[in-house]
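**Student:** sequence below, structure please.
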Amino acid sequence: MLQKIILGIAIFLIVMLGLTFGEAIFTYLSSYLGFLFHDFISLMKDIQGYLMVHWGKALIALLITVPLVIWISKNKKDEMSKPNSHRKIAIVLAIFLGWLGVHRFYLGQIGMGLLFLVLFAIWAPLAYFLALIDALRYAFMGDDDFKLVR
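**Tutor:** So this is what the prediction gives:
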């Protein structure tokens, strides 16, 4: 269930990015991807402001996301249960949403995920840096070692 929720969030974010390609999203991303996160509250206010202006795109992205998640979860069920798929998903989540600890939540490490959230609220650049380290660790980890992480 958690995998489907995280998959849905990832697809939603990708669809939103696709719908706003060439628009203001690049301004938002450039200000957030560096070490420019001031704190969690300002990020949430910016996201809320963006959604207030672009509510139609968010609704379209949601309408595209739900059927995609249902289709992927039904048709790709066997592939998603393979350990290699879990590793690939964890790497992508660590790169793009790792600063929020999403990759740790995905792997069932709730405590570490919460720690990433607290760390992000205190000092965001460190959370982002640690998430990139996790992505590299997962990429170069053997299958047996990755099973121990899960």
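**Student:** quick one: low-confidence residue ranges for the protein.
**Tutor:** Residue ranges of the chain with pLDDT under 70: 1, 14-41, 43, 76-84, 150.
**Student:** quick check: can you list the domain ranges of it?
**Tutor:** Structural domains annotated on the chain: 1-76, 82-150, as defined by automatic domain parsing.
**Student:** show me how far stretch 62-74 is from its chain's centre.
**Tutor:** 17 Å (C-alpha atoms, centre = their mean, to the nearest Å).
**Student:** okay, now Phe99: neighbour count?
**Tutor:** Just to correct that, residue 99 is Trp rather than Phe. Using other C-beta atoms under 10 Å, Trp99 is surrounded by 26 other residues. In this view, the C-beta of every residue, glycine as well, is placed from N, C-alpha and C.
**Student:** show me where the chain has its helices.
**Tutor:** Counting by DSSP state H, the segments of the chain that form helices are 2-19, 25-33, 40-53, 55-75, 77-80, 83-97, 102-106, 110-122, 124-140, 143-149.
**Student:** what's the most buried one of the domains of the chain?
**Tutor:** Stretch with highest mean neighbour count among the domains of the chain: domain 82-150 (a mean of 17; mean count of other C-beta atoms under 10 Å).
**Student:** wait, Leu68 touches Ile11, no?
**Tutor:** Yes. Using C-beta atoms under 8 Å, Leu68 is in contact with Ile11, at 5.3 Å.
**Student:** and the residue nearest the centre of the chain, how close does it get to Pro67?
**Tutor:** Nearest to the mean C-alpha position of the chain, counting by C-alpha atoms, centre = their mean, stands Leu97 at 3.3 Å. Noted for Leu97: a distance of 22 Å to Pro67, by C-beta to C-beta, to the nearest Å.
**Student:** brilliant, that's me finished.
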